[in-house]
Structure formats: structure tokens, C-alpha cells
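Colleague: A structural model of the following input is requested.
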Amino acid sequence: MGTARETPLTSATQDYLVTLRNLASSGQPATITGVARRLQVSPQAASEMVHRLRAEGLVEHRDGRLLTLTRRGRALGDATFKRHALMEWLLSAVIGMGWAESDHEAHLLQGAISEAVAAQLDAFLGHPETCPHGNPMTAAIARKRPPGVPLSVFASGAKATIYRITEEAEEDGALLSYLDARGLRPGAPVVVRASSEVVDTITVDGPRGTATFGTRPASLILALPGKADPTLFHRLPTPLVPKSAG
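Modeller: Residues are numbered from 1 along each chain as shown. This is a model prediction of the structure:
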């Protein structure tokens, strides 16, 4: 007889675990109200789902209102995030879909692939440690990587390297499309041309010309000063790189 397998997570469970995982990864407190806002559901619906996740041993309530993942909940959240990220690599870097479209499609597919397929896809893509936007696959990977600096704090004239489009920024499809169209991906060099708190904008020169952001979106884009270590940025195995890439 084969070994028993854990019941597959529902799509809703995956969404909640990944949302709580992403909040923890970005150092933001997780509350039922905040989770409901992220997932665009009512606070009552979020409260009911959190109650179920607590009963299943995946979520804990601390200090009366803060939510944290248990060890098992974090492991399942990381696994779901990794499947999503692997699908994003395949769809965006191999097939050639745009960032926003590949993020949407990866969300639809993340629960449909088995651990065996995910392992094969991971090897096929060269074992990326981050998603295409630079976000670490697991907490262990995050601990060994530099934290990065919000692009919004760089002064005019500063040179930097785009490092990470945070999970919160990934939720904005329009922002993802804007960054993708201007080549502002992890590893891209930029020069800050203007940064003004008065007009609440920052302008940078990147691989495909000038890009201007509000201070808030810019705070969700992390960069490293100057020229960053290229080994921080995953590159697909050479046979997989489309002829049009680069």
C-alpha cells in the first residue's frame, strides 16, 4: 500500500496562506481586516476562513488580533508561492507572456501541478531562488539575501540596480505592466534623475528610457546601490533563453 497523501489545499486556502506568508515576508502585521482588504473579501468572510485555518492548525492568533502562520502553515504557504513563482518563470521568461498576464495565469495554475511536476519544473528552470520579480521562494532563502532599499529613498543622481518588486507591488497589475514594458526587472541598472517629496514622484533612467513613479509605488520597489552582484539575479539555463530575450 502507498503512503497516505495530504488532502490538496483548496484555492481559497492557498490564497489565504500565501497572503499571510507575503505579509510576514514584508514585515507587515497581519490582521483579519488587512487580509480581507488584500483578498478583496468582506471582513466577515475573512474571519470565517481564518477560523477554519486555525482549526486546521495552519494559523495562530496572537495578541488578540495579529495572525501568524504555524510552522506547517508557513511551509504550505511557501510551497504554494514556489509553484506560483515557477509557473511565472515558465510563462514570462520561456513562453514570453507579460508580467501581469503571467501572474494571473500562474495563480490559476499554482494549485493544479503536483509536487513531482513542480520538482521537474524547478530543475528545468535552473532552480531559481526567487520569483521573476526577485522575491525569495522561502524564508531560509530570504535570510541569506540582502534586504534591499526602497527606490523612493534614493537621491537625485544616484545609481542603483533594481533588486526586488515586492509582493505588495505584485498585486498591482498596472504597475507590473509598467515595469515590464520599461525593462525594470531585477538586475536592471537605473539612474535616479529626479526625486521630489514635494511633487511626490521619482524619475529614473532605465534600460528602456525614462520611468516616473509616485513615491508610494517607488517605495514598493527595492534596489541596491550602484552595480549589484550579478549572482543575486537568476538567469535561465542558456538553451531556454528565447532568441528575442536580452
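
Colleague: what sits against Leu109?
Modeller: Met87 (C-beta atoms under 8 Å, 6 or more residues apart in numbering). For the C-beta atoms, the positions are set from N, CA and C on the backbone; glycine is no exception.

Colleague: how close does it get to Ala174?
Modeller: Distance of Leu109 to Ala174, computed by C-beta to C-beta, to the nearest Å: 22 Å.

Colleague: ok, and the closest non-adjacent residue to the residue most central in space within the chain?
Modeller: Geometric centre of the chain, nearest residue: Glu167, 3.8 Å, by C-alpha atoms, centre = their mean. Computed as C-beta to C-beta, 6 or more residues apart in numbering, the closest residue to Glu167 that is not its neighbour in sequence is Asn22, at 3.9 Å.

Colleague: tell me who's in contact with the residue nearest to the centre of the chain.
Modeller: Counting by C-beta under 8 Å, 6+ apart, Glu167 makes contact with Asn22, Ser25, Ser26, Asn135.

Colleague: could you do Ala46 as well?
Modeller: Counted by C-beta under 8 Å, 6+ apart, Ala46 has contacts Tyr16, Ile32, Thr33, Val35, Ala36, Leu39.

Colleague: buried stuff in the helix or strand harbouring it?
Modeller: Using DSSP states H and E, Ala46 falls within helix 43-55. Judged by neighbour count using 16 or more other C-beta atoms under 10 Å, the buried positions of helix 43-55 are Ala46, Met49, Val50, Leu53.

Colleague: same question, stretch 81-96
Modeller: Quick answer for stretch 81-96 (16+ other C-beta under 10 Å): 81-93.

Colleague: which stretches in this structure count as strands?
Modeller: Along the chain, counting by DSSP state E, strands occupy 59-62, 66-69, 149-150, 159-165, 189-196, 201-206, 209-214, 221-225.

Colleague: quick one: closest of those to Ala139.
Modeller: Closest of these to Ala139 is strand 66-69, at 10.2 Å (criterion: C-beta to C-beta).

Colleague: poorly predicted segments of this structure, please.
Modeller: The chain contains residues with pLDDT under 70 at 1-7, 239-246.

Colleague: for it, which segments are assigned as helices?
Modeller: Assigned by DSSP state H, the helices in the chain fall at 11-25, 32-39, 43-55, 71-88, 99-109, 115-124, 139-143, 167-170, 173-181, 215-219.

Colleague: redo these as a markdown table? Include distance to Arg193.
Modeller: Formatted as a markdown table, the helices of the chain follow (distance: least, C-beta to C-beta, whole Å):
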| stretch | distance to Arg193 |
| --- | --- |
| helix 11-25 | 31 |
| helix 32-39 | 33 |
| helix 43-55 | 42 |
| helix 71-88 | 30 |
| helix 99-109 | 24 |
| helix 115-124 | 39 |
| helix 139-143 | 31 |
| helix 167-170 | 21 |
| helix 173-181 | 17 |
| helix 215-219 | 13 |
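
Colleague: of all these, which one is nearest Asp200?
Modeller: Short answer: helix 215-219, nearest of those by C-beta to C-beta, at 4.9 Å.

Colleague: now do the closest one: which elements does it pack against?
Modeller: Packing partners of helix 215-219 (3 or more C-beta pairs under 8 Å, 6 or more residues apart in numbering; DSSP states H and E): strand 201-206.

Colleague: now for the strand it packs on, which elements pack on it?
Modeller: Secondary elements touching strand 201-206 (3+ C-beta pairs under 8 Å, 6+ apart): strand 189-196, strand 209-214, helix 215-219.

Colleague: dump these into JSON lines; add distance to Thr231 and mean neighbour count as well.
Modeller: JSON lines is the format used below for the helices and strands packed on strand 201-206 (distance: least, C-beta to C-beta, whole Å; neighbours: other C-beta atoms under 10 Å):
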{"stretch": "strand 189-196", "distance to Thr231": "16", "mean neighbour count": "17"}
{"stretch": "strand 209-214", "distance to Thr231": "26", "mean neighbour count": "15"}
{"stretch": "helix 215-219", "distance to Thr231": "26", "mean neighbour count": "18"}
